[in-house]
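1. based on what follows, work out the 3D shape:
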Amino acid sequence: MPVERADLGEYDQRLVSADGVVIGLRSQTTHSPGTLEFWSKAVANELTNNKGYQLAGAEDATGTNGRKCKFMTFHYSLRGNSMTYLLAIFVDGQGVLLAEAGGQGRPGPEATAGNPPKPAQREMTKKKGNRQ
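-> As a prediction, this is how the structure comes out:
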């Protein structure tokens with residue numbers, strides 16, 4: 001279901017699943033796109049150094065179209081709830097594409113940076129006593 005907000009900010013598309021997982025796509029055209037390694041490090045540094053996220057894993061991956069990407073898993077806390085943020089970064093000659101998913105809980109050990117959750121595995125556990 002699309003998130004109905006006039007101010008999507010930097011997002012090209014933002015949706016929410018029936019499980020409450022927010023899914024977003026952002027693209028940024030750059031004059032000097034840099035490499036996948038550069039953008040992966042820059043985004044990870046921003047999230048860990050300035051936003052309070054903890055990097056849980058990072059893996060090189062290949063998209064279904066054959067494009068190389070970096071898949072990263074982060075954990076963070078939001079209003080006392082454990083949250084997980086999954087991020088895939090793609091870089092081409094024109095810019096950077098970020099495919100993101102985030103929600104409450106932490107996926108099981110089978111859902112790591114190198115093995116993103118499949119639809120049947122994406123049910124996230126909720127922390128007892130913490131409801132928004």
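
2. quick check: W39 is in a helix.
-> Yes - per DSSP: H, G, I helix; E, B strand; the rest coil, W39 lies within a helix segment.

3. can you pull the contacts of it?
-> Residues near W39 by C-beta atoms under 8 Å, 6 or more residues apart in numbering: 70, 89, 91, 96. For glycine as for every other residue, the C-beta is placed from the backbone atoms N, C-alpha and C.

4. so for the third one, what's the pLDDT?
-> We have a pLDDT of 90 for V91.

5. okay, now the unreliable bits of the protein?
-> The chain contains residues with pLDDT under 70 at 1-9, 33, 106-132.

6. ok, 50 please
-> The chain contains residues with pLDDT under 50 at 1-8, 110, 114, 116-132.

7. burial measure for T84, as a count.
-> A count of nearby residues for T84, using other C-beta atoms under 10 Å, gives 21.
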